[in-house]
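*Asks:* can't give you the sequence, but here's the structure:
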């Protein structure tokens, strides 16, 4: 009987080396084979696997692309290439490679599952759902497909469908806690904190020492204003897994939110010993510094914010890329790039006048609503051919280039024609004084990819209406996209209808004109507060807990908003003290 060829024997040894963790040895054996035959497909494929194991996905892709070119009909090679492209976060390329594999290998689940993942990462949610449903028609008991279907439905805020998918995955894989964890997180995202806690507690009873179950329970407790319970959960995680970076970061966040900033800083210092390059850990002291008035330190650390990190990755720059000094902007056209919402952009544009006389011109590259609002302002130029070679500066980096201390808001003037039109509407709604109200701002958890990742501020409209009852004034809704039930609750507790100017939020020029006509403003922090400041007006801000750094750590005033009066929610989520004080102040200002 003819023996195995030397090359086949060498490649068998290479495969075994990889299986046993001897990666370098396996790669050396493949190199021997390629020295004899540079186009050996099997050797190239094994080298691709080895590079992927090492985390060098660029090398893995190069080996697998060459192998796939030599053997274009090999579905296995194409699948391996698609997986490496996924790992390298080249999702569009992965989709291109995996589509034909999924189509021609319908009796194998993995290619279609990988294709659905590539679609999900590109936010092609409906296409991902279609691929997963095709897979489940052929493999109805495929737990991972059900799990991924839940992930896609959750991303679309289709919570009932997501819950069904996660529960089905949990039944099919009872030993796997991930479906239960995601179900709990989804319920929290849907505002069902008690249900989320019950699901995660049930999961914990089955997996009593699972760090991620405990960590997510801590997040649910944090959302419910139960910081002591949240810290207990995070402590339990760290007792099991001391190197759990997520729990340590979450613990630091809760300590910071409850005013225990010295402990939070110590926690961050410990975390940075584990992961010295963690942008999240490097950024976390920034809002603490800024809220405590340590502006120089705060702005330095503010450079690690997620929006800036995403932009640096987009342009291929290092995560620690420094902000250009003011000297580098002298005589240049500077493109001010927005990176957050309209309110944040307006906040940071207060620093732009300090570049007048330094930069040749300032061009805005921001939210179109903000660009329209400041169009015609003497400080800013319209984009032209010279802006093609402009120096780009993120608006959030303006303090580092101009002033580390608070400066006045950018002054704006409302359009007279818009003011006249809205004055007519207000007079038809009722007599002065006019008090604007806003009860919600930010991104609702249901619309966040990760619950709690972005600020969401709200006071129950009924509570606000009850406090305003009896004021001899026309109450004006300035709420963006108000929900019918919120309006009904506020009007019911108020005892009379609101004047509705909510539509002005579609165009900030209208919002600015409307704000200029108000005699007072009561609400949570939102874009209209920045408009009040730009007019030199004051407002009464209901500061939610945890407070954004611009409203400072404590007190009833902020250096960023002259004349504004702050009413703070307490650490346990109560508004009683704030509303009692606000009612007294309004009674003194606007008699019943």
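*Replies:* Structure's in. What do you need? Treat the numbers as computed from the prediction; the structure is a model and nothing was measured.
*Asks:* Tell me the secondary structure at residue 161.
*Replies:* Here residue 161 takes the helix state, with states given by DSSP: H, G, I helix; E, B strand; the rest coil.
*Asks:* neighbours of it, just the number please.
*Replies:* Neighbour count of residue 161, defined by other Cβ atoms under 10 Å: 15. The C-beta positions use only the backbone N, C-alpha and C, and glycine is treated the same way.
*Asks:* What of the one 4 residues further on?
*Replies:* When counting by other Cβ under 10 Å, one arrives at 27 neighbours for residue 165.
*Asks:* Check residue 185 too.
*Replies:* 21.
*Asks:* Repeat that for residue 310.
*Replies:* Neighbouring residues of residue 310 were enumerated by other Cβ under 10 Å; the total is 11.
*Asks:* chain center to the one helix or strand it maps to, what's the gap?
*Replies:* For residue 310, the host element (DSSP states H and E) is helix 306-315. How far helix 306-315 lies from its chain's middle: 13 Å, per Cα atoms, centre = their mean, to the nearest Å.
*Asks:* Next, the residues that contact that helix from outside, please.
*Replies:* 279-280, 283, 318-319, 321, 337, 339-340, 394, 396-397 (Cβ atoms under 8 Å, 6 or more residues apart in numbering).
*Asks:* 7 Å - rerun?
*Replies:* Contact with helix 306-315 is made by 279, 318-319, 321, 339-340, 394, 396, as judged by Cβ atoms under 7 Å, 6 or more residues apart in numbering.
*Asks:* following it, which helix or strand comes up?
*Replies:* helix 326-329.
*Asks:* Can you give the strand pairings for the helix or strand that that following helix is followed by, parallel or anti for each?
*Replies:* With elements assigned by DSSP H and E, the helix or strand that comes after helix 326-329 is strand 333-337. In the sheet, strand 333-337 lines up against strand 361-365 (parallel), strand 391-394 (parallel) (DSSP bridges).
*Asks:* Flag the least confident of the contacts of helix 306-315.
*Replies:* Of all the contacts of helix 306-315, residue 340 carries the smallest pLDDT score, 87.
*Asks:* Which of the helices or strands spans that one?
*Replies:* Going by DSSP H and E, residue 340 is not in any helix or strand.
*Asks:* Look up the closest residue to it, ignoring the ones flanking it.
*Replies:* Excluding the flanking residues, the one nearest residue 340 by Cβ to Cβ, 6 or more residues apart in numbering is residue 307, at 5.9 Å.
*Asks:* Can you give me the buried ones in the helix holding residue 310?
*Replies:* Residues 308-309, 311-312 are the ones in helix 306-315 that count as buried (16 or more other Cβ atoms under 10 Å).
*Asks:* got it, and stretch 530-544?
*Replies:* For stretch 530-544, burial by neighbour count (16+ other Cβ under 10 Å) applies to 530-535, 537-544.
*Asks:* Over to stretch 46-57?
*Replies:* For stretch 46-57, using 16+ other Cβ under 10 Å, the buried residues are 46-52, 57.
*Asks:* Could you list the low-pLDDT ranges of the chain?
*Replies:* Applying pLDDT under 70 to the chain flags residues 1-4, 385-387, 443-454, 592.
*Asks:* Quickly list the domain ranges of it.
*Replies:* What automatic domain parsing lists as the domains of the chain is 1-72, 324-401, 416-589.
*Asks:* circling back to that earlier point, take the contacts of helix 306-315 and, keeping just the buried ones, write it as a PyMOL select command.
*Replies:* Typed into PyMOL, the line below selects the buried ones among those, using 16+ other Cβ under 10 Å:
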select buried, resi 279+339+340+394+396
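*Asks:* And the furthest pair within the contacts of helix 306-315?
*Replies:* 318 and 340 (21.8 Å; Cβ to Cβ).
*Asks:* any idea how far the residue nearest to residue 340 lies from residue 499?
*Replies:* 36 Å (Cβ to Cβ, to the nearest Å).
*Asks:* Same check on residue 50?
*Replies:* 69 Å.
*Asks:* Is there a neighbour count for residue 214? I'd like the number.
*Replies:* 26.
*Asks:* repeat for the one 10 residues further on
*Replies:* Per other Cβ under 10 Å, the neighbour tally for residue 224 reads 17.
*Asks:* A helix includes residue 521, no?
*Replies:* No - per three-state DSSP, residue 521 lies outside any helix segment and is strand.
*Asks:* How many residues are close by it?
*Replies:* Counted with other Cβ under 10 Å, the neighbours of residue 521 add up to 24.
*Asks:* Beta-bridge partners for it, please?
*Replies:* residue 436.
*Asks:* pretty sure it contacts residue 532?
*Replies:* Yes - the pair residue 521 and residue 532 qualifies as a contact (Cβ atoms under 7 Å) at a distance of 5.8 Å.
*Asks:* Just give the nearest non-adjacent residue to residue 486, would you?
*Replies:* In this structure, residue 486 finds its nearest non-sequential neighbour in residue 461, 4.5 Å apart by Cβ to Cβ, 6+ apart.
*Asks:* what residues are up against that neighbour?
*Replies:* Per Cβ under 7 Å, 6+ apart, neighbours of residue 461: 439, 486, 489-490.
*Asks:* any idea how far it is from residue 469?
*Replies:* For residue 461, the distance to residue 469 - Cβ to Cβ - is 13 Å.
*Asks:* Then residue 320?
*Replies:* Distance of residue 320 to residue 469, computed by Cβ to Cβ: 54 Å.
*Asks:* Likewise for residue 209?
*Replies:* On the measure of Cβ to Cβ, residue 209 and residue 469 end up 52 Å apart.
*Asks:* Ok, residue 321 next?
*Replies:* Using Cβ to Cβ, residue 321 is found at 54 Å from residue 469.
*Asks:* Could you do residue 282 as well?
*Replies:* Taking Cβ to Cβ, one finds residue 282 at 48 Å from residue 469.
*Asks:* And for residue 40?
*Replies:* For residue 40, the distance to residue 469 equals 83 Å [Cβ to Cβ].
*Asks:* Ok, residue 143 next?
*Replies:* Taking Cβ to Cβ, one finds residue 143 at 54 Å from residue 469.
*Asks:* related to what we said a few turns ago, closest one of the contacts of residue 461 to residue 139?
*Replies:* Among the contacts of residue 461, residue 486 lies closest to residue 139 (Cβ to Cβ), at 44.3 Å.
*Asks:* Could you pull up the residues touching residue 548?
*Replies:* 455, 525.
*Asks:* Show the backbone phi and psi for it.
*Replies:* phi -70, psi 150 (degrees, to the nearest 10).
*Asks:* and if you look at residue 477?
*Replies:* Taking degrees, to the nearest 10, you get phi -80, psi 120 for the backbone angles of residue 477.
*Asks:* how far away is it from residue 435?
*Replies:* For residue 477, the distance to residue 435 equals 11 Å [Cβ to Cβ].
*Asks:* Between residue 143 and residue 469, which is the more surrounded one?
*Replies:* Comparing residue 143 with residue 469 by neighbour count (other Cβ under 10 Å), the higher total belongs to residue 143, at 18 against 14.
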